[in-house]
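Engineer: what shape does this take:
(chains A and B)
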Amino acid sequence: MSDPHPLASRVAPVALLVLLALAPLVLPGRLWTHLLSISLIFAILSLGQNVVTGWCGMLTLGQAAFAGIGAYTSALLTMNWGVPWLLAFLAAGLLSAVIGVVLAIPCLRVKSDFLSLVTIAFNQIFFMVANNWMDVTRGPMGLPGAPAMSVFGWTARSAAEQFWLILAVAALLYLAVGRLTSGATGRAWKMIRDDETAARAVGVSVTHYKVLAFGIGCMLCGFAGSLYGHFLRLVSPDMFKLEDSLLMMQMAILGGLASLPGSALGALLMVLIPEMLRSSQPWLVTLRPGLAGAILVILMIWRPEGLLGDGAPRPLMELSAGLRRMLRVGCPAGEPHP
Amino acid sequence: MDVAYFIEQLSNGLAVGSIYALIAIGYSFVYSILNLINFAHGYVIMVGAFIAYTLLQVGVPPLFAIPFACIAGALLAVAVERIAYRPVRSSRRVVPMISALGAGLVLSSIAQFIWGPEVHPFPQLIDRVPIVLGGLAFSSHSLLILAISIVLVAGASWVLHKTKFGVAAQCVCQDIDAARLVGIPIEKVILAVYALGGFLGVAGGVLFAMYFNAVFIQMGLLATTKAWAAAMLGGIGSFQGAFWGGGSCWAWRKRPRSRRSARPIETASASGSSSSSC
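Structural biologist: Residues are numbered from 1 along each chain as shown, chains lettered A, B, ... in the order given. Below you'll find the predicted structure:
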């Protein structure tokens, strides 16, 4: 697939990364850095959701449970067995992926319509297990005191250091997923999403790619869960309920399905907007799920690609392309109209 | 454990199972026609149960309040279909389901705004007394629920098999394009199916609230998971299957622990085949 704006695609992410890296130094107070860290963690969760729903077209509603598996795994490994955080982090992602695949394989091999029900049910099962398995998870009391994140001996202690570590992890994961989705795997996923029969007809192994998508989605959620638990220094069952899964789905859909910047944008919006509303209008906080639901319905009717998804109109890009055409500078070769 | 105890517990199990069956019918139908998991159904049921609760609080006699709530549920289901599903029916599979979820969340928020997040006690419509039949003591609630749901399911089954509309609905279930070709008004049939699902579902919801003596926001989701288990067990798209699936699920849960249930459990393939007759 040709990229109509090659220079912009390469410069923009790097510029964004640099801007974000400088953010903790210029933002007033630690609250903003804290919010940005949470946004980045949710951006990873939203990316996991997007891989399954946006690129591969399967609705999954249990991602919070996989984040929870990641968080508990990572916390237990570091607290009970002194495993260094980096290894615990990797183990968290791996275990989430394995459990996810084992859970979903029977469903993915046939019509994956019921994946939504399977994952809703799994979310409730996870919550009950986490809430009642007192010996391991300490039930509703949770696991306080998860140690700070550390990589090869360097420990992230201050808000800024934790932000930079989370930013580095998020950037690496986005890069990895970006490579996957712009290659053959991404094309196979999109084909399965758009027309499964046609995909089978051209020899795409549908089950294999569906399992891959779901496994990667769960792995990303496991990673994010580990980050979340060690960032907040607490892991407890009510951080991973069905409402949180729905929130992740809303992030991916609002930001744009099958879009990397969309996942991040959706996460940012859904973290910052409730924060800003929280102090001003208390009744809005009660109605927030309803408003989010209304936005979902409106988006599905009017613009199912979300804000930045596949096929969504991009006014800024088109404006700049139009200007460039007028000035005859940097016009993409052989393409009169992007 | 003697047979008498077993039969009494079985009746309790069947009663609650038939509640889930009534709710499952709504899901099963919509899925078999439109390949859409109607996530908003659970929330419609919850709102219907709350409407019944409010009417009963105000003093409306149950014989008027409950049918009114059921009709309100049917109308609400139709409204959700019009607003949230009809515009996106031709899109990719995942789009209507997301729309359904959104609609459900809207209903949940509105209900929470009006009635609050706490659990409300549902008024007892009849006293909870043991009724002795042939030497066995049955709970009055179980008998009432069984009676009502058998009447409703029998009525719906009669509509489905003996009326022109019912046969048309079965045709739409089996092959929507062929039904269109022979002149069946698809849109009207779909609306009627949603309305029927909503009506039966709210009836089930009211019975649920009466049995557990509680009406609360999350009851929709609670009933949904169990209703889907019933629908899957009985076979998606199978009307009687939803009923038997619900009964067996709950009867299994209520079985006396020292003896296996002697009731055969109907299983159907849960791989989503929608070709069984409605």
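Engineer: all contacts plus neighbour counts: C-alpha atoms, from now on.
Structural biologist: Will do.
Engineer: phi and psi next, for A:P289.
Structural biologist: phi -60, psi -40 (degrees, to the nearest 10).
Engineer: which residues does B:R93 contact?
Structural biologist: B:L36 (Cα atoms under 8 Å, 6 or more residues apart in numbering or on different chains).
Engineer: equivalent analysis for A:C56, please.
Structural biologist: A:189-190, A:192-193, A:210, A:213.
Engineer: which one of these is nearest chain B?
Structural biologist: Set against chain B, the nearest of these by Cα to the nearest Cα is A:R193 (8.2 Å).
Engineer: the closest one against A:W55, yeah?
Structural biologist: Yes: with contact defined as Cα atoms under 8 Å, A:R193 reaches A:W55; the gap is 6.7 Å.
Engineer: of these two, which one has the most company?
Structural biologist: A:W55 (25 against 21; other Cα atoms under 10 Å in any protein chain shown).
Engineer: who's in contact with that one?
Structural biologist: Neighbours of A:W55 in contact, by Cα under 8 Å, 6+ apart: A:186, A:189-190, A:193, A:257-258.
Engineer: just these: which are in helices?
Structural biologist: A:186, A:189-190, A:193 (DSSP state H).
Engineer: so which of those is the most crowded?
Structural biologist: A:W189 leads those on contacts (other Cα under 10 Å) with 26 neighbours.
Engineer: next one: that one from B:I23, what distance?
Structural biologist: Noted for A:W189: a distance of 35 Å to B:I23, by Cα to Cα, to the nearest Å.
Engineer: and chain B, which residues reach chain A?
Structural biologist: B:84, B:87-88, B:92, B:94-96, B:98-110, B:112-113, B:225, B:271-272 (Cα under 8 Å from any Cα of the partner chain).
Engineer: among the residues you listed, which ones are buried?
Structural biologist: B:84, B:88, B:94-96, B:98-110, B:112, B:225, B:271-272 (16 or more other Cα atoms under 10 Å in any protein chain shown).
Engineer: skipping adjacent residues, who's closest to A:G262 in space?
Structural biologist: Of all residues not flanking A:G262 in the chain, A:G255 sits nearest, at 4.1 Å (Cα to Cα, 6 or more residues apart in numbering or on different chains).
Engineer: contacts only, for the one you found.
Structural biologist: A:261-267, A:306-309.
Engineer: how far away is it from A:P304?
Structural biologist: Distance from A:G255 to A:P304, by Cα to Cα: 10 Å.
Engineer: and if you look at B:Y31?
Structural biologist: 22 Å.
Engineer: more crowded one of these two?
Structural biologist: Using other Cα under 10 Å, the more surrounded residue of B:Y31 and A:P304 is A:P304, with 25 against 18.
Engineer: hang on, that one packs against B:V95?
Structural biologist: Yes: counting by Cα under 8 Å, B:V95 is a contact partner of A:P304 at 7.2 Å.
Engineer: which parts of chain A sit against chain B?
Structural biologist: Of all the residues in chain A, those lying near chain B are A:57-59, A:110-111, A:117, A:121, A:194, A:286-297, A:300-301, A:304, going by Cα under 8 Å from any Cα.
Engineer: in the helix or strand where A:P274 lies, which residues are buried?
Structural biologist: Here A:P274 sits within helix A:260-280, counting by DSSP states H and E. Neighbour-count burial for helix A:260-280, counted by 16+ other Cα under 10 Å, picks out A:260-268, A:270-272.
Engineer: can you name every helix or strand that that helix contacts?
Structural biologist: If contacts are counted by 3 or more Cα pairs under 8 Å, 6 or more residues apart in numbering or on different chains; DSSP states H and E, helix A:260-280 sits against helix A:29-50, helix A:242-255, helix A:282-302.
Engineer: could you dump those to CSV with mean pLDDT?
Structural biologist: Listed next are the helices and strands packed on helix A:260-280 as CSV, based on pLDDT from 0 to 100:
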stretch, mean pLDDT
helix A:29-50, 90
helix A:242-255, 90
helix A:282-302, 83
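Engineer: these: which one's closest to A:C221?
Structural biologist: helix A:29-50 (5.1 Å; Cα to Cα).
Engineer: helices or strands up against that closest one?
Structural biologist: Right, helix A:29-50 is packed against helix A:6-26, helix A:63-81, helix A:159-181, helix A:206-232, helix A:242-255, helix A:260-280 by 3+ Cα pairs under 8 Å, 6+ apart.
Engineer: and B:V215, which of these is closest to it?
Structural biologist: It is, among those and with distance given as Cα to Cα, helix A:242-255, at 20.1 Å.
Engineer: and that closest one with helix A:282-302, angle?
Structural biologist: For helix A:242-255 against helix A:282-302, the angle by axes from the mean of the first three to the mean of the last three Cα atoms, to 10 degrees is 50 degrees.
Engineer: which residues does the helix holding A:P274 contact?
Structural biologist: A:35-36, A:38-40, A:42-44, A:46-47, A:50, A:174, A:178, A:247-248, A:250-257, A:284-285, A:288, A:306-309.
Engineer: that older thread, which one among the contacts of A:W55 gets closest to B:A137?
Structural biologist: A:R193 (55.9 Å).
Engineer: how much space between the closest residue to A:V204 other than its chain neighbours and chain B?
Structural biologist: Nearest non-adjacent residue to A:V204, counting by Cα to Cα, 6+ apart: A:A188, 6.7 Å away. Applying Cα to the nearest Cα, to the nearest Å, the value for A:A188 to chain B is 17 Å.
Engineer: next, the contact list for A:A188, please.
Structural biologist: A:199, A:204, A:209.
Engineer: for chain B, see how far away the residue nearest to A:G262 is.
Structural biologist: A:G255 is 14 Å from chain B, by Cα to the nearest Cα.
Engineer: point out where the stretch 51-200 of chain B drops to low pLDDT.
Structural biologist: Low-confidence segments of the stretch 51-200 of chain B (pLDDT under 70): none present.
Engineer: that one: strands as residue ranges?
Structural biologist: In the stretch 51-200 of chain B, the strands defined using DSSP state E, counting those that start in this stretch lie at B:130-133, B:136-139.
Engineer: partner strands of the last one, parallel or antiparallel?
Structural biologist: It refers to strand B:136-139. Looking at strand B:136-139 with DSSP bridges, its partner strands are strand B:130-133 (antiparallel).
Engineer: contacts for the partner strand, please.
Structural biologist: Applying Cα under 8 Å, 6+ apart, the set of residues contacting strand B:130-133 is B:137-140.
Engineer: from those residues, list just the buried residues.
Structural biologist: B:138-140.
Engineer: wait, what's in contact with B:V30?
Structural biologist: B:V30 touches B:36-38, B:193-194, counting by Cα under 8 Å, 6+ apart.
Engineer: mind putting those into TSV with distance to B:A74 and neighbour count?
Structural biologist: Converted to TSV, the contacts of B:V30 look like this (distance: Cα to Cα, whole Å; neighbours: other Cα atoms under 10 Å in any protein chain shown):
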residue	distance to B:A74	neighbour count
B:L36	18	21
B:I37	17	24
B:N38	14	27
B:V193	9	22
B:Y194	7	26
